[in-house]
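Colleague: sharing a model prediction with you, sequence too.
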Amino acid sequence: MSVTESSYPTHYWHVLDDGRVQCDMCPRFCKLREGQRGLCFVRMRQNDAIVLTTYGRSSGFCIDPIEKKPLNHFLPGTSIMSFGTAGCNLACKFCQNWDISKSRETDTLADQASPERIAQVAQDYGCRSVAYTYNDPVIFHEYAIDIAKACREFDIKSVAVSAGYVCPAPRREFYSYMDAVNVDLKAFTDEFYKNICGGHLQPVLETLEYLKHETDVWFETTTLLIPGENDSDAEIDEMTKWVVEKLGPDVPMHFTAFHPDWKMLDHPPTPPATLTRARKIAVDNGVRYAYTGNVHDEAGESTYCHSCGQKLIGRDWYELGVWNLDAQGKCNQCGTPCAGVFEAKPGDWGARRLPVRMAAV
């Protein structure tokens, strides 16, 4: 099937007794009649099956620093080709990428590229990895996997930026092709997920535990702290204790600043002090690598040795400065390993952002 066609076959679905077809990609379990689309918009019932309508089409490509995903412990300083499609399987009222994730595909999908083309262009630009981001790659599962396969031919890594809202069977298949992921742990109450995201917390926690205990995928978490919604000391305390207990102290946690957007224009921006407070709670609870984001905070962006306290990686926005890791990823002062995936030297991509049009390269 040509990648320009609008219906790519999928296999995570089954027919119900009443004739509807249930999509089994995510815990939403959309039950569709002929011609209907799931909440994600891109998975649709067609000819008594579920098809993907965005295979081979993207909302655009851009080369970013990998720290922007954010990943601070996976090939620091290197460039990553980022892209997304349209739609999303959650309905977050605060979505910071709503123009992509909440759009209809015909509004957004102006760039076309086969998996092989994406891998080749990433190679041509010297990217160490490709990111499936802007909207959740769960919903363009088949396209992302085919790109990951093509990237492996060039030793280009695959990075998912995901909310982790996915069913066990597709989760196993998807992460068998991923090298790293940042999971958006949006809050630590089911009430927040139900009322603000249109989902549930438990499947996300299950994804995190799966990544930790059943894969070798490097992963970090991000929580966008929204004033009055998920930024209380009690909730951050409970969340960070759970991470240390269930995932271990080496999983990096990013606490990032909210700005009013989409359907939450009535909330104020996150004060920088909230992020600093969250980071302190995390560290006090045993999280070895806790970060602040979406604000200028060199101390909160940098990585420190959890043993001797030396600054291992200095960051100023997306620019790397101090580098005190040896070739084995250990503190060059005390020899303690820093958790992550490091090369002997950091990349030098810096803070550049380079849009790429596939038709023009």
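Modeller: Cool, got the structure. Numbering: from 1, shown residues only.

Colleague: so, low pLDDT: which residues of this structure?
Modeller: The chain contains residues with pLDDT under 70 at 1-6, 97-110, 359-361.

Colleague: show me the longest strand that occurs in it.
Modeller: Here the longest strand in the chain is taken by residue count, with DSSP state E as the criterion, and it is strand 218-225.

Colleague: sheet-wise, list the partners of it with their directions.
Modeller: strand 180-184 (parallel), strand 253-257 (parallel) (DSSP bridges).

Colleague: next, format these as CSV and append mean neighbour count.
Modeller: Using the backbone N, CA and C atoms, a C-beta is placed for each residue, glycine as well. Compiled in CSV, those are given as follows (neighbours: other C-beta atoms under 10 Å):
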stretch, mean neighbour count
strand 180-184, 24
strand 253-257, 24
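
Colleague: now do the helices in the stretch 51-200 of the chain.
Modeller: 98-101, 105-108, 115-124, 141-152, 168-175, 190-192 (DSSP state H, counting those that start in this stretch).

Colleague: in the third one, which residues are buried?
Modeller: Along helix 115-124, the positions that meet the burial threshold by neighbour count (16 or more other C-beta atoms under 10 Å) are 115, 117-123.

Colleague: what is that helix packed up against?
Modeller: For helix 115-124, the helices and strands in contact under the criterion 3 or more C-beta pairs under 8 Å, 6 or more residues apart in numbering; DSSP states H and E are strand 79-84, strand 129-132, helix 141-152.

Colleague: let's have the strands paired with strand 218-225 in TSV, adding distance to Cys30.
Modeller: Listed next are the strands paired with strand 218-225 as TSV, based on distance: least, C-beta to C-beta, whole Å:
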stretch	distance to Cys30
strand 180-184	21
strand 253-257	30
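
Colleague: for Arg288, which of those is the nearest?
Modeller: Each of the strands paired with strand 218-225 was checked against Arg288 via C-beta to C-beta, and the shortest separation belongs to strand 253-257, namely 9.6 Å.

Colleague: tell me what whichever helix or strand comes after that closest one is packed against?
Modeller: Using DSSP states H and E, the helix or strand that directly follows strand 253-257 along the chain is helix 272-284. When contacts are defined as 3+ C-beta pairs under 8 Å, 6+ apart, helix 272-284 sits against strand 218-225, helix 233-242, strand 253-257, strand 290-293, helix 298-301.

Colleague: report the central residue of this protein.
Modeller: Note on the chain: the residue nearest the mean C-alpha position is Val161, at 1.4 Å, using C-alpha atoms, centre = their mean.

Colleague: how about it: which residues does it bridge to?
Modeller: In this structure, Val161 has beta-bridge partners Asn182, where bridges are defined by DSSP bridges.

Colleague: correct me, but it touches Asp184?
Modeller: Yes - counting by C-beta atoms under 8 Å, Val161 does reach Asp184; the two are 7.5 Å apart.

Colleague: dump the helices and strands packed on helix 272-284 to TSV, plus distance to Ala144.
Modeller: TSV is the format used below for these (distance: least, C-beta to C-beta, whole Å):
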stretch	distance to Ala144
strand 218-225	16
helix 233-242	28
strand 253-257	22
strand 290-293	24
helix 298-301	28
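
Colleague: so which of these gets nearest Leu71?
Modeller: Judging the helices and strands packed on helix 272-284 by C-beta to C-beta, what sits closest to Leu71 is strand 218-225, at 5.7 Å.
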